[in-house]
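Trainee: Below: sequence and its predicted model.
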Amino acid sequence: MSVEVWGMIGAGVAALVAGLFLVRSRLQAASGTGKVVVLGPVFEAVALAIFAAEHFLAARDLMPIVPRWLPGPLFWTYFVGAAWLAAAISFVVWRCVRLSATLTALLFLIIVVTIDLPNMPKHLHERLFWTLTVRETAFGAGAMVLAGAIWGKAPVGAALKLAGRVILAPIFVFYAIEHFLFPLFVPGVPLEKLTPAWMPAPVLISYFVGATLLLAGVGLLVQRTVQIAAAGAGAVLVVLTVFFYVPIFLTEFHTPLVVEGINYVGDTLLFAATVMLAGFGAER
């Protein structure tokens, strides 16, 4: 097993243990669906810690992703890893969250603008391109809502929350449609990986996740249902991560697909956290 894989596992586990320990007071203070939503930053931190470790330990493998016009690709690979690590620490210790959430949103949107959108003409008719592009956009929008919630009732806070949810709602619906049209691909973020043959009822799982995302997308646009939509869909995606993607990762543990497996775990958990963040600052 490579140092890269163990580093990613160790970073994720450390963030999870620390996050669950330090979130206790906020968890006790929350009520109802708010108890689920308050776990969003913890799961966000776990996923970001996993990807931060990957940036540090496999920098040269990730370096080609950096746009060619940007000098010093290795530096920017480490820079993004450091940014994810700083955000993960901030979300775990719950300090400087307004700043870290704002910068996290900004970095995800910069990735969309500098990496995804320039490739649009070449991949305009490819499902995977749009899936990845809206995924990064969603991650940025979730952090945007969290930043807006920390800003409070200030106009900038309200604007960030509204913008984040307006961006997320159609993305959830878009992903829901993908689940219905391509049910044999893995659910959550419907990428190019097919659901393993040993996984029971793959089509049923895909339809269920798709229906959940569809309801969540609609629910985000109605003020009184925002938090329950975010909590419900977020909880479903966390369960999906634990009981769908973790078993897949374990079956790939001693294969060349092990890095891909842990990336799918982190990716789906980050999407789950993004959905939960959409419920921050919502009126109960």
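Mentor: Yep, it's here. Numbering: from 1, shown residues only.

Trainee: just for this structure, where's the confidence low?
Mentor: Confidence mapping of the chain against pLDDT under 70 gives the ranges 1, 283-284.

Trainee: any idea how far Phe51 is from the closest residue to Ser206 other than its chain neighbours?
Mentor: Excluding the flanking residues, the one nearest Ser206 by Cβ to Cβ, 6 or more residues apart in numbering is Pro183, at 3.8 Å. Glycine gets a C-beta too; all of them are placed from N, C-alpha and C. Noted for Pro183: a distance of 28 Å to Phe51, by Cβ to Cβ, to the nearest Å.

Trainee: which of those two has more neighbours?
Mentor: Taking other Cβ atoms under 10 Å, Pro183 and Phe51 do not tie; Phe51 has more neighbours (23 against 18).

Trainee: That one in helix, strand or coil?
Mentor: Assigned state for Phe51: helix (three-state reduction, DSSP: H, G, I helix; E, B strand; the rest coil).

Trainee: still on that earlier bit, separation between the residue nearest to Ser206 and Thr131?
Mentor: In terms of Cβ to Cβ, Pro183 sits 15 Å off from Thr131.

Trainee: Which residues in stretch 171-188 does the neighbour count mark as buried?
Mentor: Within stretch 171-188, the residues scored as buried using 16 or more other Cβ atoms under 10 Å are 171-176, 178-179, 182-183, 185-188.

Trainee: ok, now which ones touch the residue nearest to Ser206?
Mentor: Residues near Pro183 by Cβ atoms under 8 Å, 6 or more residues apart in numbering: Pro202, Val203, Ser206, Tyr207, Gly210.

Trainee: Tell me the one of the residues you listed nearest Val236?
Mentor: Closest to Val236 out of the contacts of Pro183 is Gly210 (10.8 Å), distances taken as Cβ to Cβ.

Trainee: mind listing what the spatially closest residue to Leu277 that is not a sequence neighbour touches?
Mentor: Nearest non-adjacent residue to Leu277, counting by Cβ to Cβ, 6+ apart: Gly142, 4.0 Å away. For Gly142, the contacting residues are Gly40, Glu44, Ala105, Gly164, Leu168, Ala273, Thr274, Val275, Leu277, Ala278, by Cβ under 8 Å, 6+ apart.

Trainee: any chance of those in JSON lines, plus distance to Val239, neighbour count and secondary structure?
Mentor: Listed next are these as JSON lines, based on distance: Cβ to Cβ, whole Å; neighbours: other Cβ atoms under 10 Å; DSSP: H, G, I helix; E, B strand; the rest coil:
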{"residue": "Gly40", "distance to Val239": "15", "neighbour count": "27", "secondary structure": "helix"}
{"residue": "Glu44", "distance to Val239": "17", "neighbour count": "29", "secondary structure": "helix"}
{"residue": "Ala105", "distance to Val239": "26", "neighbour count": "24", "secondary structure": "helix"}
{"residue": "Gly164", "distance to Val239": "24", "neighbour count": "28", "secondary structure": "helix"}
{"residue": "Leu168", "distance to Val239": "20", "neighbour count": "28", "secondary structure": "helix"}
{"residue": "Ala273", "distance to Val239": "14", "neighbour count": "29", "secondary structure": "helix"}
{"residue": "Thr274", "distance to Val239": "16", "neighbour count": "31", "secondary structure": "helix"}
{"residue": "Val275", "distance to Val239": "12", "neighbour count": "30", "secondary structure": "helix"}
{"residue": "Leu277", "distance to Val239": "18", "neighbour count": "30", "secondary structure": "helix"}
{"residue": "Ala278", "distance to Val239": "18", "neighbour count": "36", "secondary structure": "coil"}
